[in-house]
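Participant: Can you look at this prediction? I've put the sequence above it.
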Amino acid sequence: MGKEEEKTPLAYRVVYSLGLRSVYRPVSELISVVGPGGVGVDVGAGYGLSAELIADMVGHLILVEVDREMASSARRRLEDMPNVSVLRADARMLPLRDEVADFVIFFDSLHHIRGPMRALREAVRILKIGGVLGIYDFDDSRFATRILRRVEKMMGLHSTFLSLDRLVEGLTSLGMRVVGVRERWAGQIDLLAVKVDSVST
């Protein structure tokens, strides 16, 4: 199947074609913090849309996606980017060695993972000391997020949103230090944390 035949959902295509790539601005901002040339892991990367915007800013970008169709689509979309690889894997059991990544991101993906704290523990495991974790999701304590949870349930999607307090508490227990949080009107949160200690066993 050629790239022109990709069956990326209409909603994603509209966002992209209308120039609304600013949706992914927080990811680009993270790269500016980490610096160029590093190794990054995008967990729950979906169709790889954000990768098209940041691949030329990193040394190696690993996309992790458990869904077979999404992973295959991402591979085809990004086949001309030699520094990008797509790994079909469960976020809760990443087949990557300890402390391999300079940064890890969850962009609108953490709440779709069953057992999000297990996924975070894996993300911290693969981060280098001093590495940066970026989480772009929704605060479960916000009313707008509760509405979103109902909508996603009606669409047949699994959603386990965490509150900002729960995220901060969980990350701290994993040896992370939260260095920045931006909250937006509809319950969105952009959170950055730095790894200061190895994951305890």
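Facilitator: Sure, I can see it.
Participant: Quick check: bridge partners of residue 182?
Facilitator: residue 190 (DSSP bridges).
Participant: What is the burial count for it?
Facilitator: Residues near residue 182, counting by other CB atoms under 10 Å, number 12. Glycine gets a C-beta too; all of them are placed from N, C-alpha and C.
Participant: residues touching it, list them.
Facilitator: Neighbouring residues of residue 182 by CB atoms under 8 Å, 6 or more residues apart in numbering: 26, 189-191.
Participant: any idea how far it lies from residue 95?
Facilitator: 32 Å (CB to CB, to the nearest Å).
Participant: Let's test this: mean pLDDT of stretch 171-191, rounded?
Facilitator: Mean pLDDT, computed over stretch 171-191, is 90.
Participant: repeat for stretch 46-65
Facilitator: For stretch 46-65, mean pLDDT rounds to 89.
Participant: so which of the contacts of residue 182 comes closest to residue 63?
Facilitator: Nearest to residue 63 out of these is residue 26 (CB to CB; 17.2 Å).
Participant: count of neighbours near that closest one?
Facilitator: Residue 26, neighbours per other CB under 10 Å, totals 20.
Participant: Which secondary structure state does it sit in?
Facilitator: Judged by DSSP: H, G, I helix; E, B strand; the rest coil, the three-state class of residue 26 is helix.
Participant: Surely it touches residue 134?
Facilitator: Yes - assessed by CB atoms under 8 Å, residue 26 is found in contact with residue 134 at 7.0 Å.
Participant: Overlap in contacts, those two.
Facilitator: By the contact definition CB under 8 Å, 6+ apart, residue 26 and residue 134 are jointly contacted by 107, 190.
Participant: Contacts only, for residue 183.
Facilitator: 139, 164, 189.
Participant: Strands of the protein, start to end?
Facilitator: Taking DSSP state E, the strands of the chain run over residues 39-43, 60-64, 84-87, 101-107, 127-138, 176-183, 188-195.
Participant: so can I have TSV of the ones you listed showing distance to residue 159?
Facilitator: Listed next are the strands of the chain as TSV, based on distance: least, CB to CB, whole Å:
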stretch	distance to residue 159
strand 39-43	16
strand 60-64	19
strand 84-87	23
strand 101-107	14
strand 127-138	9
strand 176-183	19
strand 188-195	14
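Participant: Verify the contact between residue 124 and residue 135 for me.
Facilitator: No - proximity of residue 124 to residue 135 does not meet the contact threshold set by CB under 8 Å, at 11.5 Å.
Participant: More neighbours: which of the two?
Facilitator: residue 135 (27 against 24).
Participant: need the contact list for the more buried one.
Facilitator: Residue 135 makes contact with 105-106, 110, 167, 189-191, 193, according to CB under 8 Å, 6+ apart.
Participant: can you give me the helices for this protein?
Facilitator: 10-17, 25-34, 51-54, 68-77, 116-126, 143-154, 164-173 (DSSP state H).
Participant: okay, the ones you listed, which one's buried deepest?
Facilitator: Neighbour counts (mean count of other CB atoms under 10 Å) averaged over each of the helices of the chain peak at helix 116-126, with a mean of 22.
Participant: counting contacts, what elements does it pack onto?
Facilitator: strand 39-43, strand 101-107, strand 127-138, helix 164-173 (3 or more CB pairs under 8 Å, 6 or more residues apart in numbering; DSSP states H and E).
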